[in-house]
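>>> quick one, what's the 3D model for this:
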Amino acid sequence: MIELRKSTERGHADHGWLDSHHSFSFADYYDPRHMGFASLRVINEDVVQPGQGFGTHGYRDMEIITYILAGALEHKDSMGNGSIIRPGDVQRMSAGTGVRHSEFNPSPEELVHLLQIWIEPAVTGIAPGYEEKHFDAASKRGRLRLIASSDGRDGSVIIHQDAAVYAALLDGVERATHALAAERKAYVHVARGGVKVNGHALGGGDAVKISGEPAITLNNGKDAEVLLFDLN
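Take a look at the predicted model:
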């Protein structure tokens, strides 16, 4: 089964300093048809104005992945971590028993464009944790590069859930295929550009929910950056 989720159907909030699109119910956007998909709970596409950001706030029992598309984001948290992440960087924060953090655009001139992703953990009450890794464009060019997994294989960041997250850059004749086990589900989110997913044409912000398909094929890309979630 394949269910399309168009970009224009997402929730939208424009706060001036922050322009945000919500793939699933979040904050003031509520749609009982889109509360998440398997363990995937949030995909927010955020654009933050220069010098602006999210003040210190807290989370519990959630795996939070930040994926930068353009610009830079400065992160500080109650675990003592502090860094500036840029395109190619993947940040994972396990909130566990509780963590507080802030995120700001440190640039006085440039926007920061990012995806913030929440995955519900398989276990709760764990100690908070943080991890950050860089995946260069070459490693994602024309292929699905594993960026997050339950066991950290292939150099991916570790999430506390039986899920795998892949990123790909596709253009022209480049093609990527992912085998999907019978009991698994997949969610494909097009971060930008355009691509065909099992023959369906998707543009930036579009997504597709997939189950009962033996494989997922991404092709006919047009400067596409794509995330694929393999979920239990």
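>>> centroid-nearest residue for this protein?
Residue closest to the mean C-alpha point of the chain, counted by Cα atoms, centre = their mean, is Ile117 at 4.3 Å.
>>> quick one: it from His75, how far?
Ile117 is 15 Å from His75, where distance means Cβ to Cβ, to the nearest Å. C-beta here means a position set from N, CA and C on the backbone, and glycine is covered the same way.
>>> just the CA atoms of the helix or strand of the chain with the lowest mean pLDDT, as PDB, please.
Lowest mean confidence among the helices and strands of the chain (mean pLDDT, DSSP states H and E): strand 53-59, at a mean of 92. Written as PDB, here are the backbone C-alpha positions of strand 53-59 (Å, rounded to 0.1, in the frame of the first residue of the first chain):
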ATOM      1  CA  GLY A  53      16.100  30.400  17.700                       C
ATOM      2  CA  PHE A  54      14.500  28.200  20.300                       C
ATOM      3  CA  GLY A  55      15.200  29.200  23.900                       C
ATOM      4  CA  THR A  56      15.900  26.600  26.500                       C
ATOM      5  CA  HIS A  57      13.200  23.900  26.700                       C
ATOM      6  CA  GLY A  58      12.800  20.400  27.900                       C
ATOM      7  CA  TYR A  59      12.000  16.900  26.500                       C
END
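>>> make residue 1 into 825 and carry on from there
Done: numbering now begins at 825, and the last item shifts to strand 877-883.
>>> most distant residue from the middle of the chain?
Outermost in the chain, Cα atoms, centre = their mean: Pro932 at 25.4 Å.
>>> tell me if I'm right that that one and Gln876 touch.
No: applying Cβ atoms under 8 Å, one finds Pro932 not in contact with Gln876, separated by 10.8 Å.
>>> grab the nearest non-local neighbour of Ser918.
Gly953 (4.2 Å; Cβ to Cβ, 6 or more residues apart in numbering).
>>> the helices in this structure, which residues?
For the chain, the helices defined by DSSP state H occupy 961-964.
>>> shaky segments in it?
In the predicted model of the chain, no residue satisfies pLDDT under 70.
>>> off-centre distance for the lengthiest strand in it?
When the chain is parsed with DSSP state E, its longest strand is strand 1039-1055. Mean-position distance between strand 1039-1055 and its chain equals 13 Å (Cα atoms, centre = their mean, to the nearest Å).
>>> identify the residues contacting the residue farthest from the centre of the chain.
Pro932 is in contact with 874-875, counting by Cβ atoms under 8 Å, 6 or more residues apart in numbering.
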